[in-house]
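*Asks:* Need a 3D model of the following:
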Amino acid sequence: MIIVKPSALAKKALGLIIQRVEEKGVRLVSIKTSLLDVHSIEKKLLEEKEEKNKQELINAKKIPCVLIIIQGKSAVNVGQDLKKEFDDLIHVSLNEETAKYEINRFFEKEEIFENEESDGNYFLKKIDKKEILNKSIKEITKEFRK
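*Replies:* All right, here's what the predicted structure looks like:
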């Protein structure tokens, strides 16, 4: 499991993080936005001495994080690679056991989808896969509707 922190959203790094996940060959099983755990922020607020930092924490409660579940034989390794690349912009589960705990904590069963390994042929029947990289979403949608 990957948690994209609010700081990553503020730096507009979400797209790059998702791109890296897709490049690594694992499957996205679920993705959603959620506000940070208010209890942990409240605890940090109580511990924080500087007013400037307190205000930043209060503002952080308003910015969502993005929760992502990935699946695949190398999912844990992919998570660790992403952590090395994006450092404190993301949290990744350390191992499969931790991932199961975190997934159960943050996701309802109906939010998790089986994502069979596929090359996407069903959705790309009318589009040359090599051309797709050179087209906008608008162009692809227009062609697909033909």
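*Asks:* pLDDT below threshold where in this structure?
*Replies:* Applying pLDDT under 70 to the chain flags the ranges 36-46, 48, 50-54, 56-61, 114-135, 137, 140-146.
*Asks:* How is it divided into domains?
*Replies:* According to automatic domain parsing, the chain comprises the domains 2-115, 119-146.
*Asks:* Test my guess that P6 contacts L89.
*Replies:* No - contact criterion C-beta atoms under 8 Å: P6 and L89 do not qualify, at 9.4 Å. Every residue, glycine included, has its C-beta placed from N, CA and C.
*Asks:* how about the strands in the protein?
*Replies:* Using DSSP state E, the strands of the chain run over residues 2-4, 27-35, 64-71, 90-92.
*Asks:* Contacts for the third one next, please.
*Replies:* Strand 64-71 has contacts (C-beta atoms under 8 Å, 6 or more residues apart in numbering) with 1-6, 8-9, 14, 18, 21, 26-36, 78-79, 103, 106-107, 112, 115.
*Asks:* Need the winner for burial among the strands of the chain.
*Replies:* Ranked by mean neighbour count under mean count of other C-beta atoms under 10 Å, the strands of the chain are led by strand 2-4, which reaches a mean of 22.
*Asks:* Which strands or helices does that one pack on?
*Replies:* helix 14-23, strand 64-71, strand 90-92 (3 or more C-beta pairs under 8 Å, 6 or more residues apart in numbering; DSSP states H and E).
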